[in-house]
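**Student:** Quick one, what's the 3D model for this:
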Amino acid sequence: MSSLCRLIRKSFKKHRFQSLISSCLAGTINVLVTNPLSVIANFVIGQKKINNKDLSMIQAVRDIVKQKGLAGLYTGLGISLILVINPVIIFTFQQWYKRTFRSSLTRLR
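**Tutor:** Predicted coordinates:
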């Protein structure tokens, strides 16, 4: 049992920061790219319900930038970045779990 514990500790120390940083970076890039698209889609839907007019994406971007500036495209970014943390932790643990137990199962065979 103690050899299994040592194996787990060694494996987790070796790769945990690399997995944590790479998954955090991927999640952040995802949020930075998709958040403006979500804001635009919500704006278009809101304009359709309020004014009963259809907007193109380009018109929606112009209206958002005119009303709120370029930062208006990133409304809600803080909350979205906070929500990245949970999948990062789960992904890091999953990768550690796969590395640790697959390698020990391979050795047992």
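**Student:** Roughly how far does the residue minimising distance to the centre of the chain sit from Ile82?
**Tutor:** By Cα atoms, centre = their mean, the chain has its centre lying nearest to Gly27, at 2.7 Å. Distance of Gly27 to Ile82, given as Cβ to Cβ, to the nearest Å: 11 Å. Where you see a C-beta, it was placed from the backbone N, CA and C, and this is true even at glycine.
**Student:** For Leu77, which non-adjacent residue is spatially closest?
**Tutor:** In this structure, Leu77 finds its nearest non-sequential neighbour in Asn35, 5.4 Å apart by Cβ to Cβ, 6 or more residues apart in numbering.
**Student:** how about the helices in the protein?
**Tutor:** 2-51, 57-68, 77-82, 85-108 (DSSP state H).
**Student:** tell me the mean pLDDT for the first one?
**Tutor:** If you average the pLDDT over helix 2-51, you get 79.
**Student:** okay, now Gln18: neighbour count?
**Tutor:** Around Gln18 there are 11 other residues, counting by other Cβ atoms under 10 Å.
**Student:** swap that for Leu37, please
**Tutor:** Residues contacting Leu37 under the criterion other Cβ under 10 Å number 11.
**Student:** can you pull the contacts of Ile40?
**Tutor:** The neighbours of Ile40, taking Cβ atoms under 8 Å, 6 or more residues apart in numbering as the test, are Met57, Ala60, Val61, Ile64, Leu73.
**Student:** let's go with 10 Å and repeat that
**Tutor:** The contact partners of Ile40, by Cβ atoms under 10 Å, 6 or more residues apart in numbering, come to Leu55, Met57, Ile58, Gln59, Ala60, Val61, Asp63, Ile64, Leu73.
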